[in-house]
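In: Provided below for reference: sequence and predicted model.
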Amino acid sequence: MAEHAMYFADDKARRIYLAKKIISRVFVYLFLTIFALFMLTPFVLMVAGSFINYESFNEFSRGADFAYLAFVGPEGQSNWGFENYKVIFDMSTYNFPVYFLNTFIVAIGSTIVTVVTAVLAGFAFARLEFKGKEALFAILLATMMIPGEMMVITNVMTVDEIGWRNTFAALILVHGVSVFYVFYLRQTFQQIPNELYLAAKVDGVSDIGYLLKVMVPIAMPTITTIIILSMMGAWNSYVWPNLVADSNWAYDDLFGTNHSMMLVSNGLRYVFSINDSGASDKEAVKIAGSMIISAPLFLVFILFRKYIMRGVSRSGIKG
Amino acid sequence: MVPNEMILKGNEVSHEKALKSKLISKRKLFQLPQWGVAWLVLLPALIFLSAFMLYPIVNTFLSAFVQHYNYTEHAGSFAIGQFLAGLKGGNEMGMAFGLSNFRNAIIDPDFRKSIGNTAILVIIEVPLTIMVSLLIATFLNSIKVLKGFYQTIFFLPYVTNTIALGLVFNIVFANSKGGLANVLISKLGGEPVNWLSPVNHPTLPDQPAASKFHQGVVIVLYALWNGLAFKILVFMSGLATIDSQYYNAAKIDGASNFTIWRRITLPLLSPQILYITITSFIGAFKMYTGVMAVYSNTNGYKPAYYFGGKFGTDWIPVVGWIYRKLDESKDQTGTASAASLILLGIIMIITAVQFAVSKKRVHY
């Protein structure tokens, strides 16, 4: 809001107005700061905790004072270092490199499939005329309202029946089409003026040629957003991989050893759940595990903040 | 008699005709009619859509009504296939359509518990997150200094991994003196609390297993932390579209800040509020990972199906119950399907009620 010149009856009124304004400002910033701290605390703990050697962290958990966590412990040795990360990436203890590899393959594969299906379908709905277009579009709309659990129940059985359990096919193809991305691209394509299409037709460009040479380049910002969101979705997916990738199943991977098809989230949850009584002796390693899963997301967020926030808020305005 | 013009035109027409026929022959060779192109480019999406979305919806719906659902291997995932295989195998129960799956779900005490748990969490979480995010968005919108900085911080939880940050919350609320929450409580002079663990901690042997209340506090806090970002973003984008003329006019009339917020901001933001309310309710009813992720000690249960307490059912949500049934045995598919239909019914009723209530209050 632009500041306007204000007129007051007298000096006192002006002072009261200013005092009120300052108090409300202080209150606003105080409120925002408190909640910002609430938001940041887990991150700060994660980043800091991941560098505290797990023995020191345990000492702290047993009731040692905060001072213990200073850079130098009581016996003069440093409590800080990369110890936790060494444990995390030790292939004889955990299989995180394998989970990373699995996740990369699934993220790239599912992004390619999702983008191709969404671009093609979005093009059909935005530009082409065909019988049944409205009906098909209504069906697509309706599927967005059905809880995913209903589909999951049958999909798990389908995957088992066609022998896709513990395969990349199950992880990539079952979510090969995203209705939301089809809508998003359709909206973007519709904003491209019809004249371009007619001009291309006069020049003898085919429909597919027009899509690839004109529409896709124009819609590139939207497609970039979809690529990023889809990659992040694969990175964060837990429920579906958990149902179709068994923890005790093994395949010959690039590392020349046998490993499960689990993705990073599943791996993290799996290796850091304690099944016996008592607490883990490696709480800080757990934090480092959270950190290596979160760090790539932060990196992507820093690099593509604009695209991510636009894509997310777009889904909000759409309602 | 043929005028000269016509002859000329005739020439042109024949020329055009030749061009056209050339074009047509080219089209016939290389191009499909438009509807053909349309279905061709829709094909990949349609294959995935029908195989993994439309068919499952129909099939899960049917499975829910198969009486005494018994899974037969290699009979396909289709409910009718299971049904026929049951008939052929001389299933003694006699396969039929009926409501036994719904009955099985409803008589299960854990299912009823899951409905109650989900309802409690929805009632606490949804209004809390909406009100807090609305306040934050309003405040954010009113400041200029550091606005982008705060906005980024509030958006950060959206780009994190639910499982990874669940582990961090688990450590904050660790069942020991050193958990950050317990350190704070100790500094304030209180007794350390067992927040999440179903068993005693070695350093705190007298402590009982975590109570349902304490687990619930952690779950709600995690949901609040996780759920604010998206709502703030949507409210901010809604606030950005409100014309500042309204505010200026109200200021000239001497309206107080609160009156302006109550009489201008809220009504003009009502489409976003309705959208967020509906999506939050739906999302909260489908909650699953948010509950499961905060637990680390799963007392021997599979980590994906543990929701607190001795038997992993303290805070079991409806979706959690469904996945637990699926994990139990394929014979439970029918019961799980019935439960998912009940969930769908609840979501639809609540959405319909919200639309009905909002009709008078939302200004489009």
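Out: Received it, and whenever you're ready, just let me know what you need.

In: residue contacts, residue A:241?
Out: Contacts for residue A:241 (Cβ atoms under 8 Å, 6 or more residues apart in numbering or on different chains) come out as A:106, A:171, A:261-263, A:265-266. Bear in mind the C-beta positions are built from the backbone N, C-alpha and C, glycine included.

In: CSV please, covering those and showing distance to chain B and neighbour count.
Out: What follows is those, written out as CSV (distance: Cβ to the nearest Cβ, whole Å; neighbours: other Cβ atoms under 10 Å in any protein chain shown):
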residue, distance to chain B, neighbour count
A:106, 15, 24
A:171, 12, 27
A:261, 15, 25
A:262, 11, 26
A:263, 10, 27
A:265, 4, 25
A:266, 8, 26
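
In: ok, which stretches of the stretch 201-350 of chain B are helices?
Out: Shown for the stretch 201-350 of chain B, the helices assigned by DSSP state H, counting those that start in this stretch span residues B:212-240, B:244-252, B:257-260, B:266-285, B:289-292, B:318-328, B:333-361.

In: again with the stretch 201-319 of chain A
Out: A:207-210, A:216-218, A:220-236, A:239-244, A:264-271, A:283-317.

In: How about the residues of the stretch 1-150 of chain B by chain A?
Out: Proximity of the stretch 1-150 of chain B to chain A, by Cβ under 8 Å from any Cβ of the partner chain, involves residues B:23, B:26, B:30-31, B:34-35, B:37-39, B:41-42, B:44-46, B:48-49, B:51-57, B:59-61, B:63, B:74, B:76-77, B:132, B:135-136, B:139-140, B:142-143, B:150.

In: Tell me which of those fall in strands.
Out: Of these, none are assigned to strands by DSSP state E.

In: if you look at the residues you listed, which of them are in helices?
Out: Mapping the residues of the stretch 1-150 of chain B next to chain A onto helices (DSSP state H) picks out B:23, B:26, B:30, B:34-35, B:37-39, B:41-42, B:44-46, B:48-49, B:55-57, B:59-61, B:63, B:132, B:135-136, B:139-140, B:142, B:150.

In: Any idea how far apart the tips of stretch A:160-167 sit?
Out: In stretch A:160-167, first residue to last residue: 11 Å (Cα to Cα, to the nearest Å).

In: quick one: buried residues of it?
Out: By neighbour count with 16 or more other Cβ atoms under 10 Å in any protein chain shown, stretch A:160-167 contains the buried residues A:160-161, A:164-167.

In: same thing with stretch A:111-122?
Out: A:111, A:113-115, A:117-122.

In: Can you list the low-confidence ranges for chain A?
Out: Scanning chain A for pLDDT under 70 picks out the ranges A:1-7, A:59-77, A:249-258, A:274-281, A:314-319.

In: now the strands for it?
Out: For chain A, strands defined by DSSP E occupy the ranges A:251-252, A:258-259.

In: returning to that earlier point: show me which of the ones in helices among the residues of the stretch 1-150 of chain B next to chain A are buried.
Out: By 16+ other Cβ under 10 Å, those give B:37-39, B:41-42, B:44-46, B:48-49, B:55-57, B:59-61, B:63, B:132, B:135-136, B:139-140, B:142, B:150 as buried.
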